[in-house]
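Enquirer: Quick one, fold the following:
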Amino acid sequence: MRSLVSKYLSALVPEQIKNCLLRYLGTQKLSNFLIPAPLIIFLFFQVVTTAQNISLGIDVLQKNNFSLLAGKRVGLITNQTGVNSKLESTLDLFKQANNFKLTTVFSPEHGLKGLIAAGQSYTGYIDSLTGIKYYALYGKTAKPTKEMLEEVDILVYDIQDIGVRSYTYISTLGFAMEAAAENKIQFIVLDRPNPLGGLRIEGNVVEDDFRSFVSNYAIPYVYGLTCGELANMINTKSAIGNKVKCKLTVVKMEGWNRNMLYKDTGLIWIPTSPNVPYMETPSYLVASGVLGELLVFGIGITYTLPFQTFAAEWIDADTLAVKMNALNLPGVLFRPISYKVLYGDWKDKILNGVQIHITDFEKVNLLELQFYFLQVYHQLYPDTNTFTLATTTRMKMFDKVMGTDRVRLKFSKRFRVDDIKKLLDKDIHWFRKLSKRYYLYN
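Expert: Residues are numbered from 1 along each chain as shown. Prediction:
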């Protein structure tokens, strides 16, 4: 009965209301199946009100007239995602504030406006009108130097990340916290939602020999924490994060809870980098991003579907789609696709494969999807070893992002997902138990 109601409701009401109603049904006997209309109306307005009342860390700081910063010289770590719920730039708000002085601005990979391609370095400058100094925290200088912090009493971090370990913004966060500790500077994180929610955890923890800027902390690939919660963990659990501890303050959000995906917040999504244009993109990045490091298959980032395809020139798209769907993986469907690459190494080439369609976020295992593709691909093209097609450099990058080489070495023996499930899942229970200590939200 419950499954039938779920199917019926999905066509009529928003996801949040459906979930509330299903929870209600779970407490009722079959004879009490009729749902009172007032309950539906109440839940509808409750959901709408909740979605409209999410306050970001910057909103809370602004509402309190920036009192935490009063009388201080402030350094701001931000980019284009640093906006309040009305899309007003944190940078502009800080420039306009009259009870503290913005002296220095730092930006992560992709630059202050998010225009710079992945992996590309850039330089800073001094604004001749305001005297504000702008620095890059990517490339040669990933961590603020003592000289960069000479005119800073407080460092403030306001960047939207995507809840994925290999996304370098969290490395920037941790390195900046280190610099704050070493220079005895207070550090403030303006908290923001985890787009993947606060409950999903997937993947193995990074091994010590594989720590890098794309996997700097011993956390799973999908870690289920907000940037503020993660900052607390990095700051206090030295085995996972930093060896030095800064004076950290997290300005919490208001109205956010762990069940919320980004679409549930009512907030407007700002592209976090050139290839993460939509609020759904982080899910697809988890599904294909590690595979993409090999540069053997097209994952859609050189087309209009970033992280949403598994494709190559020689693949038979229809056959691949049939085989992928025959796996009956929960929460996902695959559609045959052929597309012309718009830029990059395969420019103007036609790639054939499948487009990933996530149909049920709660049921799908995102990280495993790319390995299921490799399993099916190996069945179809057994004489073409994916890992030997990649260069040594790209294989090393795959291992860095994966946080270990054990997954690749184990998987490449038989190309079966069952062989690596234990490796991928071995740390989840432990990390979930640990991370609860750092929860700021229910």
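Enquirer: When you work out contacts or count neighbours from here on, use the C-alpha atoms and nothing else.
Expert: Will do.
Enquirer: Quick one: residues contacting residue 76.
Expert: Residues near residue 76 by CA atoms under 8 Å, 6 or more residues apart in numbering: 91, 102, 104, 105, 106, 155, 156, 157, 158.
Enquirer: what's the closest of the residues you listed to residue 233?
Expert: In terms of CA to CA, no member of those lies closer to residue 233 than residue 157, at 15.6 Å.
Enquirer: which residues touch the host helix or strand of that closest one?
Expert: Per DSSP states H and E: residue 157 is located in strand 154-158. Outside strand 154-158, the residues within contact range by CA under 8 Å, 6+ apart are 58, 69, 72-79, 81-82, 90, 173, 180, 185-191.
Enquirer: List the ones among these that fall in strands.
Expert: Residues of the contacts of strand 154-158 located in strands (DSSP state E): 73, 74, 75, 76, 77, 78, 186, 187, 188, 189, 190.
Enquirer: picking that back up, list only buried entries from the contacts of strand 154-158.
Expert: 58, 69, 72-79, 81-82, 90, 173, 180, 185-191 (16 or more other CA atoms under 10 Å).
Enquirer: What are the buried residues along stretch 322-339?
Expert: Quick answer for stretch 322-339 (16+ other CA under 10 Å): 323, 324, 332, 333, 334, 335, 336, 337, 338, 339.
Enquirer: Run through the bridge partners of the last one.
Expert: Residue 339 has these beta-bridge partners by DSSP bridges: residue 351.
Enquirer: now do residue 222
Expert: Under DSSP bridges, the beta-bridge partners of residue 222 are residue 164, residue 202.
Enquirer: pretty sure it is touching residue 166, no?
Expert: No: using CA atoms under 8 Å, residue 222 is not in contact with residue 166; the gap is 9.1 Å.
Enquirer: All the strands of the stretch 1-150 of the chain, residue numbers only.
Expert: Taking DSSP state E, counting those that start in this stretch, the strands of the stretch 1-150 of the chain run over residues 73-78, 101-107, 125-126, 133-136.
Enquirer: what helices or strands is the longest one leaning on?
Expert: It refers to strand 101-107. Contacts defined by 3 or more CA pairs under 8 Å, 6 or more residues apart in numbering; DSSP states H and E place strand 101-107 against strand 73-78, helix 90-96, strand 133-136.
Enquirer: neighbouring contacts of the last one?
Expert: Counting by CA under 8 Å, 6+ apart, strand 133-136 makes contact with 103-109, 111, 122-127, 142, 148, all of which sit outside it.
Enquirer: redo that, cut-off 6 Å
Expert: Applying CA atoms under 6 Å, 6 or more residues apart in numbering, the contact partners of strand 133-136 are 104, 105, 106, 107, 123, 124, 125, 126.
Enquirer: buried subset of the residues you listed?
Expert: Applying 16+ other CA under 10 Å to these flags 104, 105, 106, 107 as buried.
Enquirer: Just the pLDDT for residue 78.
Expert: At residue 78, the model reports a pLDDT of 98.
Enquirer: show me where the stretch 251-400 of the chain has strands.
Expert: Secondary structure of the stretch 251-400 of the chain (DSSP E, counting those that start in this stretch): strands at 309-312, 332-340, 350-358.
Enquirer: export those to JSON lines and tack on distance to residue 418 and mean pLDDT?
Expert: Below are these laid out as JSON lines (distance: least, CA to CA, whole Å; pLDDT from 0 to 100):
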{"stretch": "strand 309-312", "distance to residue 418": "20", "mean pLDDT": "98"}
{"stretch": "strand 332-340", "distance to residue 418": "18", "mean pLDDT": "98"}
{"stretch": "strand 350-358", "distance to residue 418": "21", "mean pLDDT": "98"}
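Enquirer: Out of those, which gets nearest to residue 281?
Expert: Per CA to CA, nearest to residue 281 of these: strand 350-358, 10.8 Å.
Enquirer: any idea of the angle the closest one forms with strand 332-340?
Expert: 150 degrees (axes from the mean of the first three to the mean of the last three CA atoms, to 10 degrees).
Enquirer: Return the set of buried residues in strand 350-358.
Expert: 351, 352, 353, 354, 355, 356, 358.
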